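> return a 3D structure for these sequence lines:
(10 chains)
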Protein chains: 10
Amino acid sequence: MLYLVWFKIRQPESLTQRHLMQIWQREAEAALPALKQGVIKGLWKVSGKREVVAVLDVNSHEQLDEILENLPIMKEMGYGVDIEVYPIHPYENFYELVKKLAT
Amino acid sequence: MLYLVWFKIRQPESLTQRHLMQIWQREAEAALPALKQGVIKGLWKVSGKREVVAVLDVNSHEQLDEILENLPIMKEMGYGVDIEVYPIHPYENFYELVKKLAT
Amino acid sequence: MLYLVWFKIRQPESLTQRHLMQIWQREAEAALPALKQGVIKGLWKVSGKREVVAVLDVNSHEQLDEILENLPIMKEMGYGVDIEVYPIHPYENFYELVKKLAT
Amino acid sequence: MLYLVWFKIRQPESLTQRHLMQIWQREAEAALPALKQGVIKGLWKVSGKREVVAVLDVNSHEQLDEILENLPIMKEMGYGVDIEVYPIHPYENFYELVKKLAT
Amino acid sequence: MLYLVWFKIRQPESLTQRHLMQIWQREAEAALPALKQGVIKGLWKVSGKREVVAVLDVNSHEQLDEILENLPIMKEMGYGVDIEVYPIHPYENFYELVKKLAT
Amino acid sequence: MLYLVWFKIRQPESLTQRHLMQIWQREAEAALPALKQGVIKGLWKVSGKREVVAVLDVNSHEQLDEILENLPIMKEMGYGVDIEVYPIHPYENFYELVKKLAT
Amino acid sequence: MLYLVWFKIRQPESLTQRHLMQIWQREAEAALPALKQGVIKGLWKVSGKREVVAVLDVNSHEQLDEILENLPIMKEMGYGVDIEVYPIHPYENFYELVKKLAT
Amino acid sequence: MLYLVWFKIRQPESLTQRHLMQIWQREAEAALPALKQGVIKGLWKVSGKREVVAVLDVNSHEQLDEILENLPIMKEMGYGVDIEVYPIHPYENFYELVKKLAT
Amino acid sequence: MLYLVWFKIRQPESLTQRHLMQIWQREAEAALPALKQGVIKGLWKVSGKREVVAVLDVNSHEQLDEILENLPIMKEMGYGVDIEVYPIHPYENFYELVKKLAT
Amino acid sequence: MLYLVWFKIRQPESLTQRHLMQIWQREAEAALPALKQGVIKGLWKVSGKREVVAVLDVNSHEQLDEILENLPIMKEMGYGVDIEVYPIHPYENFYELVKKLAT
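Now for the predicted structure:
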């Protein structure tokens, strides 16, 4: 099942930009292999904002929590991360429902 | 350049569900070929909400407006569509910047 | 997979209270058997508000949309219904993750 | 009388994820027996969010405050917990009112 | 059990001020006897706003809905009324809990 | 003149629950006598929230500020208190205006 | 007692700009004499917004409602007016309280 | 040119009420002479809130910033002050425009 | 004096996209000459939104209202336009103030 | 491609006004040459608010992030800066689209 997960990072006053980016680098180095292996279906940075959008394919709601709480950025500075979760599915599948409702 | 575009559809009181879905069907029949041809990079329905998320690759800000105003759903019921636009780029590109800032 | 679904009903100016309640009666008469059969896991009215909270067990995000768009109240007055969807899972399952993260 | 109670946990900057989860483990170990004994009627984790939804059956508004202020998580880190309370009742009971109003 | 109920009245464009006040007069003529009889514990108009605050003593969440949906203003123009409900209890009772928690 | 005053207490991270409740106890011990003497016309705790609703009768806007800034909770932890103020008057008085406007 | 009253005018779709301004002209022709006579202590238009700020001196909360509901703009298009009310007092009076609290 | 400037003061946790009021006293002692000299056209405290409303007459947008940043309260605790600025003009001047638009 | 003015256009349900754009065309044909003559200092469309940002140089707050209410889009469909106004000044002028405050 | 970038600066409690302005001076001394060279197309201070509006011309979304993260104010106190980004284009280009849609 697909979920769009929107991460918003708030820099705490106790961290310098460099320190924040070192944590973010560890986060990215965990995320990018998962993207290449297809576990993460899409992964983008929002320009000008410290926000990241991911499309994840997970088997259960328990697994979704497990993945998110084990991200390096959550383990290191979870107090500075806000997460929004949206259940999604491919538009072509929705089109099948639309056709039924339209007739 | 990539943009994440989030569409929120409000059903006007003057349209039945069937009529709304007929408009949406025309919209989908325009969008799905563009998805297959790679013009649209990703396209999802948000479950339980009348909302759609798209990842678009456009050449200019003028073109972005032109594409959106020419969507069937905008031409037929633009008064019922709210759009949010977010400039994005691939996370692997952002990783290059993160590494520079982390050192 | 479990979802908490929160319905907010807005009475349109074109409907009397009686007419609204006749639609709601048809909605309830479809929902209550599903509650007894265990398809709906929980179903409550929010006191003093025209809002309903449901716990649904669905197999896919496509099915969630199909169920919601086929509710009598969505077919008859979808323009007056706002829906929020929250993926949830039993707290006892979350406890397993908490224990791992706490050690 | 039933209440839906929605807990939102904010991780304070002074706590590590592990420490937060140790507090949450104590909270869960108090809540899960009450769930089995039927005092708590329903209890779910919101996936991807540090939020918990409970359905509680209480005898008075005084008791509701007493239960909530005595939760381990309130005693240990009440400054990091936001609570929303919604009076609810079973949808089948509301159906009785709907039928009266619909005629 | 006590509830603070906050009513916000929106004048629909289809009603003149006089017509709105005629509905409100019928509402007041139902509410004021209940206030004298002690069913309603307190009842105030918010100055400068079309808002009313009531303190109600009800026996159940079902009864709360029944009372509210049977108000003249809900029966005549429920599409123009927003209601917020807050469970409350006398501060002197809360003081008993405070003393326990303070020691 | 009557004012409905709504207090929202935020527990600062530097205070334990016990310490917060000790301050609140001093606050209550100042408020309850004023309630009995009729200076405070009504006083309730919002269940499940750290919020208090008061109905105050004051002679001037200067006096309202003077009363509020001299509350023990404002003197001890004013940084953790948000206050909303609503001018109100008895509904029976408003009824006199409604009758005039309705004719 | 002084109140700052903030009016926000929404043009309904059923009125042309000219018609709206004719109503507003009647409103102004009632307000300006009251300003000259000192009943209204201050009266300004917010530039670029259809909003007006007034400082009113009233004797009671009942009178405040009576004045506002009898404004020409409320009588003619009350469905298009939102009002915010703030009890205020002269800063020099507040200064007396500040000095006491500062010592 | 006139501006309505709305100050909202947040008490930082590091300041006692007395300390806050000492800063506010210095602020008031700078503001009140300017009020008497007519530089400040109006100045009020919002009752029950730590908010102040001023009507200022300034010659340029540069001067507006200069005045505000040089206030004692901004120099001493600018981190605890939120400011909203609204360009305004006398209602009688707006009346001239209304008459033109109404014809 | 410079103002940044942000226009948000809502398409009313009674207008087709073509009709909306015909009004917008008349608006643009009035605005573009003023841009060339330097009365309007900057003028941009927000991509993907029906929003326009303008930088205007006006002599008084009265003139700002006069300009805005005389725009073709305000005269023809003012009920569908929301406007935000921000007083601004060139950053190089602000730099002069910054230098003073920094020493 | 043009972007309107809106900076909102929050003064942290740990910085005096003078220290904040010293950082801002370094920021301005980096920004003003870029404005003169035409890299920054427009740059304004919002009067009365600690906010800055810029119009930037960038080649890619990667470059936009690179520019913003390398601003002196982001490097020194990024925890106190909120940024909003809006893709924009010249109104005269939008006019070309309007004309097509209007016919």
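> now stretch A:24-43 - C-alpha only, CSV.
Only the C-alpha atoms of stretch A:24-43 are listed here, as CSV (Å, rounded to 0.1, in the frame of the first residue of the first chain):
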residue,chain,number,x,y,z
TRP,A,24,20.7,15.0,7.2
GLN,A,25,23.6,13.4,5.3
ARG,A,26,23.3,10.3,7.4
GLU,A,27,19.6,10.3,6.8
ALA,A,28,20.1,10.6,3.0
GLU,A,29,22.7,7.9,3.0
ALA,A,30,20.1,5.6,4.5
ALA,A,31,17.3,6.7,2.2
LEU,A,32,19.1,6.7,-1.2
PRO,A,33,19.9,3.0,-1.3
ALA,A,34,16.2,2.2,-0.4
LEU,A,35,15.2,4.5,-3.3
LYS,A,36,17.4,2.6,-5.7
GLN,A,37,16.1,-0.8,-4.5
GLY,A,38,12.6,0.3,-5.1
VAL,A,39,11.4,0.3,-1.5
ILE,A,40,11.0,4.0,-1.7
LYS,A,41,9.0,4.7,-4.8
GLY,A,42,9.8,8.4,-5.0
LEU,A,43,11.8,10.9,-3.0
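> can that stretch be said to contact chain B?
Yes - Stretch A:24-43 lies within reach of chain B by CB under 8 Å from any CB of the partner chain, at A:24, A:25, A:28, A:29, A:31, A:32, A:35, A:42, A:43. All C-beta spots, glycine's among them, are computed from the backbone N, C-alpha and C.
> close to chain C, is that stretch?
No - using CB under 8 Å from any CB, we find that stretch A:24-43 stays clear of chain C, coming within 13.5 Å at best.
> report the buried residues of that stretch.
Buried residues in stretch A:24-43, counting neighbours by 16 or more other CB atoms under 10 Å in any protein chain shown, are found at A:24, A:25, A:26, A:27, A:28, A:31, A:32, A:35, A:40, A:42, A:43.
> nearest to residue J:60, of those?
Nearest to residue J:60 among those: residue A:43, at 17.5 Å, using CB to CB.
> leaving out chain neighbours, which residue sits closest to that closest one?
residue B:91 (4.1 Å; CB to CB, 6 or more residues apart in numbering or on different chains).
> in this structure that neighbour contacts residue A:47, no?
No - Residue B:91 is beyond contact range of residue A:47, at 11.8 Å (criterion: CB atoms under 8 Å).
> more crowded one of the two?
Shown here are residue B:91 and residue A:47; by other CB atoms under 10 Å in any protein chain shown, residue A:47 has more neighbours (27 against 21).
> any idea how far that one lies from chain B?
The gap separating residue A:47 from chain B is 4 Å, by CB to the nearest CB, to the nearest Å.
> how about residue A:21?
Distance of residue A:21 to chain B, computed by CB to the nearest CB: 4 Å.
> what's the neighbour count on that residue?
22.
> pick out the residue of chain A closest to chain F.
In chain A, the residue that lies nearest chain F is residue A:79 (11.3 Å; CB to the nearest CB).
> nearest residue to that residue in space, please, no chain neighbours.
Closest to residue A:79 by CB to CB, 6+ apart is residue D:11, at 4.2 Å.
> follow-up on the earlier one: wait, is the residue of chain A closest to chain F part of a strand?
No - assessed by DSSP: H, G, I helix; E, B strand; the rest coil, residue A:79 does not belong to a strand; its assignment is helix.
> who's in contact with the residue in chain A positioned nearest to chain E?
Residue nearest to chain E within chain A (CB to the nearest CB): residue A:84, separated by 25.3 Å. Residue A:84 makes contacts with A:5, A:6, A:8, D:48, as judged by CB atoms under 8 Å, 6 or more residues apart in numbering or on different chains.
> is it fair to say it lies in a strand?
Yes - read with three-state DSSP, residue A:84 is one of the residues of a strand.
> bridging residues for it?
Beta-bridge pairing of residue A:84 under DSSP bridges involves residue A:6.
> look up how far chain C lies from it.
Applying CB to the nearest CB, the value for residue A:84 to chain C is 11 Å.
> can you tell me the SS state at residue A:8?
Classification of residue A:8 by three-state DSSP places it in strand.
> cool, and the one 3 residues further on?
When the structure is reduced to helix, strand and coil (three-state DSSP), residue A:11 reads as coil.
> and residue A:18, by the same measure?
Strictly by three-state DSSP, residue A:18 counts as helix.
> just to revisit the earlier point, which ones among the buried residues of stretch A:24-43 lie within helices?
Among these, the ones falling in helices (DSSP state H) are A:24, A:25, A:26, A:27, A:28, A:31, A:32, A:35.
> who touches stretch A:56-70?
Residues from elsewhere that reach stretch A:56-70, judged by CB under 8 Å, 6+ apart: A:1-3, A:5, A:39-41, A:74-75, A:78, A:83, A:85, C:1-2, C:87-89, C:93-94, C:96-97, C:101, D:17, D:45, D:47-48.
> could I get that stretch in CSV with only the CA atoms?
Once non-C-alpha atoms are left out, stretch A:56-70 reads as follows in CSV (Å, rounded to 0.1, in the frame of the first residue of the first chain):
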residue,chain,number,x,y,z
LEU,A,56,6.5,4.7,0.4
ASP,A,57,5.2,1.2,-0.3
VAL,A,58,4.5,-0.6,3.0
ASN,A,59,2.7,-3.8,4.1
SER,A,60,1.0,-2.6,7.2
HIS,A,61,0.4,0.4,9.4
GLU,A,62,2.7,-1.2,12.0
GLN,A,63,5.5,-1.3,9.4
LEU,A,64,5.0,2.3,8.5
ASP,A,65,5.6,3.4,12.1
GLU,A,66,8.6,1.1,12.4
ILE,A,67,10.2,2.5,9.3
LEU,A,68,9.6,6.1,10.3
GLU,A,69,10.8,5.7,13.9
ASN,A,70,14.0,4.0,12.7
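> ignoring the adjacent residues along the chain, who's closest to residue A:39?
Looking at residue A:39 with CB to CB, 6+ apart, the closest residue is residue A:57, at 7.0 Å.
> ditto for residue A:99
residue B:25 (6.0 Å).
> next: residue A:27.
Among residues not flanking residue A:27 along the chain, residue A:73 sits closest, at 4.2 Å (CB to CB, 6+ apart).
> whatever residue of chain A ends up closest to chain H - nearest residue in space that isn't next to it in sequence?
Relative to chain H, the nearest point of chain A is residue A:13 (11.3 Å; CB to the nearest CB). Nearest non-adjacent residue to residue A:13, counting by CB to CB, 6+ apart: residue J:79, 4.7 Å away.
> what does the model give residue A:34 for pLDDT?
On pLDDT, residue A:34 comes in at 89.
> go on, residue A:38?
Taking residue A:38 on its own, its pLDDT is 86.
> for it, grab phi and psi.
Main-chain dihedrals, residue A:38, degrees, to the nearest 10: phi 90, psi 0.
> next one: it from chain C, what distance?
In terms of CB to the nearest CB, residue A:38 sits 19 Å off from chain C.
> and what of residue A:20?
As judged by CB to the nearest CB, residue A:20 and chain C stand 23 Å apart.
> now do the contacts for the one residue in chain A that gets nearest to chain D.
Residue nearest to chain D within chain A (CB to the nearest CB): residue A:85, separated by 3.5 Å. Contact analysis of residue A:85 by CB under 8 Å, 6+ apart lists A:3, A:4, A:5, A:6, A:64, C:87, D:47, D:48, D:49.
> mind redoing it with 7 Å?
Listed by CB atoms under 7 Å, 6 or more residues apart in numbering or on different chains, the contact partners of residue A:85 are A:3, A:5, C:87, D:47, D:48, D:49.
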